[in-house]
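K.L.:
Structure for this input, please:
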Amino acid sequence: MVLAHNVLTNVQLDTGAPQRRRSRKHTVVPLLQTVQTLRFELFHRAAQLVRPGGTMRQWLTENPSTRQTFTRITNALALAA
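P.N.:
Prediction:
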């Protein structure tokens, strides 16, 4: 349980978790999401599986916010590897 929490927290920090506004109690604390929120935002997406040119691809609906999130995560994971 603790290992899963640590992995989830580190993945969010490595992929650019947004920072909270500063306050007296929280000076520099990232805004971390729960497992349920991440599962909903990342995996519960309406998409189509297609084969353009014979390779399997997943096509998501055109949404600028979703595109920005997935691009940020993809770029951060490429730098971490």
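
K.L.:
Name the residue closest to the centre of this structure, please.
P.N.:
Centroid-nearest residue in the chain: Ile73, 5.4 Å away (criterion: Cα atoms, centre = their mean).

K.L.:
Now the longest helix seen in the chain: buried residues?
P.N.:
Counting residues, the longest helix found in the chain (DSSP state H) is helix 64-80. By 16 or more other Cβ atoms under 10 Å, the buried positions in helix 64-80 come out as Ile73. Just so you know, the C-beta spots here come from the backbone N, C-alpha and C atoms, and that holds for glycine as well.

K.L.:
just checking, what packs against it?
P.N.:
Judged by 3 or more Cβ pairs under 8 Å, 6 or more residues apart in numbering; DSSP states H and E, helix 64-80 is in contact with helix 2-14, strand 57-60.

K.L.:
Please produce CSV containing the ones you listed, extended by mean neighbour count and distance to Ala46.
P.N.:
As requested, these are exported to CSV (neighbours: other Cβ atoms under 10 Å; distance: least, Cβ to Cβ, whole Å):
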stretch, mean neighbour count, distance to Ala46
helix 2-14, 11, 23
strand 57-60, 10, 8
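
K.L.:
Leu38 is nearest to which of those?
P.N.:
Leu38 lies closest, by Cβ to Cβ, to one member of these: helix 2-14, at 7.3 Å.

K.L.:
got the angle between the longest helix of the chain and helix 2-14?
P.N.:
100 degrees (axes from the mean of the first three to the mean of the last three Cα atoms, to 10 degrees).

K.L.:
Give the burial count for the spatially closest residue to the residue nearest to the centre of the chain that is not a sequence neighbour, as a bare number.
P.N.:
In this structure, Ile73 finds its nearest non-sequential neighbour in Thr15, 4.7 Å apart by Cβ to Cβ, 6 or more residues apart in numbering. Using other Cβ atoms under 10 Å, the number of residues around Thr15 comes to 16.
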